[in-house]
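[1] The following block contains a protein sequence and its predicted model.
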Amino acid sequence: MPLIILIAALVTLRGLEVWRFAELSWWYIVGLMVFAFIWFEFIEKMLGLDKKKAHDVQDQHRRARVKQAFLKRK
């Protein structure tokens, strides 16, 4: 997510021609976008990071269900 925020900030600063970003080549920004695409489409899946996030969410839901079930019994 920080990568996407960085890309959005660079595009905005370059588009508004702020300070030194006015001289920044669009190729750097496009290269960063390509890197982000490759990261999120291929590398993250190869490392299993997308599954880890899904498992963490499922684990959090499970804990909430267990906690709620024990509260109903009392």
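    Happy to help now that I have it. Numbering: from 1, shown residues only.

[2] the helices in the protein, which residues?
    2-15, 26-38, 44-47, 49-73 (DSSP state H).

[3] With mean pLDDT and mean neighbour count added, can I get those helices in JSON lines?
    Every residue, glycine included, has its C-beta placed from N, CA and C. JSON lines is the format used below for those (pLDDT from 0 to 100; neighbours: other CB atoms under 10 Å):
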{"stretch": "helix 2-15", "mean pLDDT": "96", "mean neighbour count": "13"}
{"stretch": "helix 26-38", "mean pLDDT": "97", "mean neighbour count": "12"}
{"stretch": "helix 44-47", "mean pLDDT": "88", "mean neighbour count": "12"}
{"stretch": "helix 49-73", "mean pLDDT": "85", "mean neighbour count": "10"}
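
[4] Apart from its chain neighbours, what residue comes closest to Leu32?
    Ile7 (5.5 Å; CB to CB, 6 or more residues apart in numbering).

[5] Pull the contacting residues for that neighbour.
    29, 32-33, 36 (CB atoms under 8 Å, 6 or more residues apart in numbering).

[6] Distance of it relative to Glu41?
    According to CB to CB, to the nearest Å, Ile7 stands 15 Å off from Glu41.

[7] Equivalent analysis for Thr12, please.
    From Thr12 to Glu41 the distance is 24 Å (CB to CB).

[8] same deal with Arg63?
    For Arg63, the distance to Glu41 - CB to CB - is 31 Å.

[9] Repeat that for Leu32.
    Distance, Leu32 to Glu41, using CB to CB: 15 Å.

[10] what does Ala64 give?
    For Ala64, the distance to Glu41 - CB to CB - is 31 Å.
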